[in-house]
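Engineer: fold the following and give me the result.
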Amino acid sequence: MDVTALVTIRSRGRTGPFVCEVARGPAAVPLIALVSEGNPPTAAAPRADVPVNSTPSLAQACTRRARAIKTPGRAARLEASLFVNRPQPQGQCVPDRPAGYDCVRGRPIGGLELSIIYIIGRYAWRSPARLPTWSLLGLIRARPSPADSWPELTGPFPRPRTCPVPLRTRRCLSMSNSSRPSPPHRLTSHPLVLRGQALTIAEVVSVARHGRPVALDAGAAERLTHSRRALLDTVSDGQAYYGVNTGFGSLSRTRVDDRGLGELQRNLIRSHASGIGTSLPDEVVRAMMLALAASLSRGVSGVRPQLVETILACLNAGIVPVVPEIGSVGASGDLAPLSHVALALIGEGPVRMGGVEMRSSEAMAQHGLAPIELEAKEGLALINGTHLMCGRAALVYHDYERVFDAALLAGAMSMDACRVTHRFLDPRVFEVRGHQGGGIVAARLRDLLAGSEIVQSHAENDPRVQDPYSFRCAPGVLGAAWQLAQNVHAAIEAELSAVSDNPLVFVEGGEADIVSAGNFHGMPIALPMDTLSLSACHVSGIAERRIFHMLSVFDPESGLKPFLSPRPGLHSGYMVVQYAAAAACNELIGLCTPASVINLPTCAEMEDYNSFGPRCVAKASRGVELMRAVVAAELLCAAQGLEAHRPLKSGVKVEETHALIRRHVAPLDADRPPAPDLRAIETLIADGAFAGLVS
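Structural biologist: Below you'll find the predicted structure:
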């Protein structure tokens, strides 16, 4: 008998973790963990060992154990679902029971409402009336494992076209990994274990956006303990050590008595939490927290392992500090933003959990966590790094890559929509130029257009000798952007793998050498992210020109109607789509002004040359957002233009792109608002739907 149990509690948008176990022989096997938009389970989650001799006993035991979780009863909902795999004859499916399963509903307890989520294989159904803000994200199958290990998901999951079981009041949910942007808290196959190793952009995305759990390796914790012990032994000699027993910045010549070292660190956090403006998105804060924990785990900051473990426990529990966006000048690290994170860690700052804002001490208590009691140097180690810059930069670059792939597809589709020649993609052209980027982009465009019937249709007797720059020079422009992006990628991953604290604690022979330096300076991230805005501007600018050519019918040989209108004059078609693209490009031009060259000194001239890296990253983030909008506009127009040449087909991959767009956006047969269509294509780009089509 294959049994799967799911128990979830919700209270005012907050979710408590719960794992139900079944005793099978000598070992207890965890069946299913919490899978929702709430918080992932932790090793300390309540567990219950119950026999499987009767299905009601399992449901009742799970619901009884769930009541032990401290959740306000007046606002709580308990779901206790039991699924026993008992194959039934085909066609015997009743409205309240999926085919092939017996569903046992636990009895109501304590005024809490119990409801069932039905699971068949890889698909699930829920009642929107009962669970208006929930989505089921994945099913964890049972397998014997230690109590503190994480079970595995059975994904990736295909997206169903229709519900296998037609239920009038229930909505079919796909457990797909790619159909929509993933909610911020989702279990993945394996936890990310911090061992002091290099951190990658992909790992940051998996934690910040998809809720991948993170753990500290035992060996790394031991190194942290060793470093901490060496630091304390060294500073006991009575000498002054910056940030340990001195003031900060221009106050560094002021000594602090040993009895006030803890208070010194707390005061540092409180005074530096001075951010202004709207709060950063949760995913950015989570990326910042991961980058901070990874840096500290490398054992060069002299902090206790408990500090890193608390950061990771908050990450895994979905506790997100509220961090204002503005406040960092990108030198001495991201002092103000990281201070807001640290303020939450000591139990004094606001956080969001499950979309609800509350005091951090309250959120931590709900998960059995205690605020950190800062000791010598630990407050400074929490805030003196580039973790906002590099964490957010990782997310921005990940998005940039997806838009760039879509831009290649849009360019290829526009080329056939406007019936341009492919001769300029000849590989010999790029061999004699010598730039790697142009050759790579040209090769990708050739691959996308391979097999095109459209290009063959005008290969002979075409009066045009060559095409406008926005087509003919696309490999050179996009190739330069690609090459620049590779440098940005390398800079971000180098910073994710760095220690940007000050002072640094190097332990040799059991003794600590405490070195004050400048690893916190953000210029290694600021300059690359300034240039990423330039890249976004050029990719968008050349795309907007191709949109203009498609809509203005600059060349009668293109075979297109003005503005791609079904009946020009009566219908305006996509006329104003180009206006929107032009407006986006205008804003992008403004974002190209580098923030890293505008210096404003701080801290009484002690910190007299700053990077303003966070502003560089914020500009790039907005630039990628606008770039996505322009590329979506080109895809919308090119898909319509391609249909003017039917029954001729474009390249295989271009046709696959066209088919994907048409599954979400209908052809233009009469005027309608393009905005929803543009948003639909933007969503496809953001989800990475086009990435697999570009080799």
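
Engineer: going by C-alpha atoms from here, please, whenever you check contacts or count neighbours.
Structural biologist: OK.

Engineer: my guess is residue 224 meets residue 307, correct?
Structural biologist: No - assessed by Cα atoms under 8 Å, residue 224 is found out of contact with residue 307, at 9.9 Å.

Engineer: which one's more surrounded, these two?
Structural biologist: For residue 224 versus residue 307, neighbours defined as other Cα atoms under 10 Å are more numerous around residue 224 (25 against 22).

Engineer: report the separation between that one and residue 311.
Structural biologist: 15 Å (Cα to Cα, to the nearest Å).

Engineer: same question, residue 514
Structural biologist: Taking Cα to Cα, one finds residue 514 at 24 Å from residue 311.

Engineer: chain center to the helix or strand hosting residue 447, what's the gap?
Structural biologist: Element membership of residue 447 [criterion: DSSP states H and E] is helix 436-449. Offset of helix 436-449 from its chain centre (Cα atoms, centre = their mean, to the nearest Å): 28 Å.

Engineer: what packs against it?
Structural biologist: Helices and strands touching helix 436-449, by 3 or more Cα pairs under 8 Å, 6 or more residues apart in numbering; DSSP states H and E, are helix 387-417, helix 427-433, helix 474-496, helix 652-662.

Engineer: name the helices or strands packed onto the third one?
Structural biologist: It stands for helix 474-496. So helix 474-496, by 3+ Cα pairs under 8 Å, 6+ apart, packs with helix 201-208, helix 282-296, helix 387-417, helix 436-449, helix 523-552.

Engineer: in a markdown table: those helices, plus distance to residue 326, mean neighbour count and mean pLDDT.
Structural biologist: Below are the helices and strands packed on helix 474-496 laid out as a markdown table (distance: least, Cα to Cα, whole Å; neighbours: other Cα atoms under 10 Å; pLDDT from 0 to 100):
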| stretch | distance to residue 326 | mean neighbour count | mean pLDDT |
| --- | --- | --- | --- |
| helix 201-208 | 20 | 22 | 98 |
| helix 282-296 | 13 | 27 | 98 |
| helix 387-417 | 11 | 26 | 98 |
| helix 436-449 | 35 | 21 | 97 |
| helix 523-552 | 15 | 25 | 97 |
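
Engineer: which of those sits closest to residue 457?
Structural biologist: Comparison of those against residue 457 by Cα to Cα identifies helix 387-417 as nearest, at 10.6 Å.

Engineer: what's the angle between the closest one and helix 652-662?
Structural biologist: 110 degrees (axes from the mean of the first three to the mean of the last three Cα atoms, to 10 degrees).

Engineer: point out where this protein drops to low pLDDT.
Structural biologist: The chain contains residues with pLDDT under 70 at 1-189.

Engineer: show me the domain layout of it.
Structural biologist: The record's domain parsing of the chain by automatic domain parsing lists 3-182, 193-385, 392-693.

Engineer: which residues touch stretch 478-497?
Structural biologist: The contact list for stretch 478-497, computed with Cα atoms under 8 Å, 6 or more residues apart in numbering, reads 197-201, 291, 294-295, 390-391, 393-394, 397, 436-441, 524-525, 528-529, 531-532, 535-536, 538-539.

Engineer: and if we set it to 7 Å?
Structural biologist: 198-201, 291, 390, 393-394, 437-438, 440-441, 524-525, 528-529, 532, 535, 539 (Cα atoms under 7 Å, 6 or more residues apart in numbering).

Engineer: what of stretch 524-533?
Structural biologist: Contacts of stretch 524-533 (Cα under 7 Å, 6+ apart): 389-390, 485, 488, 491-492, 591-592, 594, 596, 611-613, 616-617, 619-620, 623.

Engineer: checking residue 193 next. Helix, strand or coil?
Structural biologist: strand (DSSP: H, G, I helix; E, B strand; the rest coil).

Engineer: cool, thanks, signing off.
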